[in-house]
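Undergrad: Here you go, sequence then predicted model.
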Amino acid sequence: MAEAPVRDAATVIVVRDAATAPAVLMGQRGSRAVFMPSKFVFPGGAVDACDAAVPMTRPLNGLCAARLRDRSGALAPATLAACAIRELWEETGQVLGRPRRWVGTPPPGWEEFAATGHMPSPSALRFVFRAITPPGRPRRFDARFFVADAAELCTDPDDFSRATDELSHLHWVPLAEAKALDLPFITSVVLAEVAARLPDLAPPDTVPFFRNDDEESLFLRLGGNAL
């Protein structure tokens, strides 16, 4: 059987009460899902063509943009940030943006986000981890993990009424309790990176990159060297 193609993807770890009682927003994938069935995960998914044409109200953090460009070919950091914001909206109903009226017709896939009266703003995103799904899986992703402070959300953090049904049991999980859930291995690793960024969620100087390809698995650092 041919190996599944690797698709670019983005994931968002939203952290609430980072300085006092940190909790992360998670949901559970369906038991019949092809990829990671029944696992608790952060909101995220594959980059769509529409993500490359989305206007932003504020730029992405400069250090994060530089790390996103490392070993990523021509893929623009803004496209990955847009994907992260769109997936957060679709899977949780939460808006990471600023009140703004869109000029012209929003790109396909962004109509409902635009209807909220907001335009995406990636300034709160911090790029903290990258991982490629190992070979042999039914779907493979080159996933960039972002962390964001829940205080930057424009919506009620407890209101998931506008979420799609892709994730169930959406809730804020205390960081200290998250590892007790049924998690993918890489999610457990990323949680440790998030804990290291508390309480200020500052962008790291170098970003861990767990690269899996057909020949070998390497733990690299974007902006640095192999570990």
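TA: Looks like it arrived, so ask away.
Undergrad: how about low-confidence regions in the chain?
TA: Applying pLDDT under 70 to the chain flags residues 1, 31, 33-37, 214-216, 224-227.
Undergrad: residues near L88, how many?
TA: 29 (other C-beta atoms under 10 Å). In this view, the C-beta of every residue, glycine as well, is placed from N, C-alpha and C.
Undergrad: How about stretch 58-67, which residues are buried there?
TA: L60, N61, L63, C64, A65, A66, R67 (16 or more other C-beta atoms under 10 Å).
Undergrad: I'd guessed the fourth one sits against A124; true?
TA: No. Taking C-beta atoms under 8 Å as the contact criterion, C64 and A124 are not neighbours in contact, 10.6 Å apart.
Undergrad: Ignoring the adjacent residues along the chain, who's closest to E87?
TA: The spatially closest residue to E87, leaving aside those adjacent along the chain, is G45, at 4.5 Å (C-beta to C-beta, 6 or more residues apart in numbering).
Undergrad: meant to ask about R16, not that
TA: Spatial nearest neighbour of R16, excluding adjacent residues (C-beta to C-beta, 6+ apart): A150 at 4.0 Å.
Undergrad: same check, this time on R140
TA: R140 sits nearest to T133 (C-beta to C-beta, 6+ apart), 4.1 Å away.
Undergrad: again with E91
TA: P43 (4.2 Å).
Undergrad: neighbours of the one you found, just the number please.
TA: 26.
Undergrad: do the same with the one 4 residues further on
TA: Applying other C-beta under 10 Å, we find 22 other residues in the vicinity of V47.
Undergrad: Next: L201.
TA: L201: 20 neighbours (other C-beta under 10 Å).
Undergrad: Pull the distance from stretch 2-16 to the chain's centre.
TA: 7 Å (C-alpha atoms, centre = their mean, to the nearest Å).
Undergrad: Name the residues of that stretch that are buried.
TA: Quick answer for stretch 2-16 (16+ other C-beta under 10 Å): V6, D8, A9, A10, T11, V12, I13, V14, V15, R16.
Undergrad: Ok, stretch 181-196 next?
TA: Neighbour-count burial for stretch 181-196 [16+ other C-beta under 10 Å]: L181, L183, P184, I186, T187, V189, V190, L191, E193, V194.
Undergrad: Which element, helix or strand, includes L220?
TA: Taking DSSP states H and E as the criterion, L220 maps to strand 217-222.
Undergrad: Give the other helices and strands that that strand contacts.
TA: strand 207-212 (3 or more C-beta pairs under 8 Å, 6 or more residues apart in numbering; DSSP states H and E).
Undergrad: Show me what the lengthiest helix in the chain is packed up against.
TA: Longest helix of the chain, by residue count under DSSP state H: helix 77-92. Counting contacts by 3+ C-beta pairs under 8 Å, 6+ apart, helix 77-92 packs against strand 6-16, strand 23-29, strand 44-46, helix 62-69, helix 111-115, strand 118-120, strand 140-149, strand 167-174.
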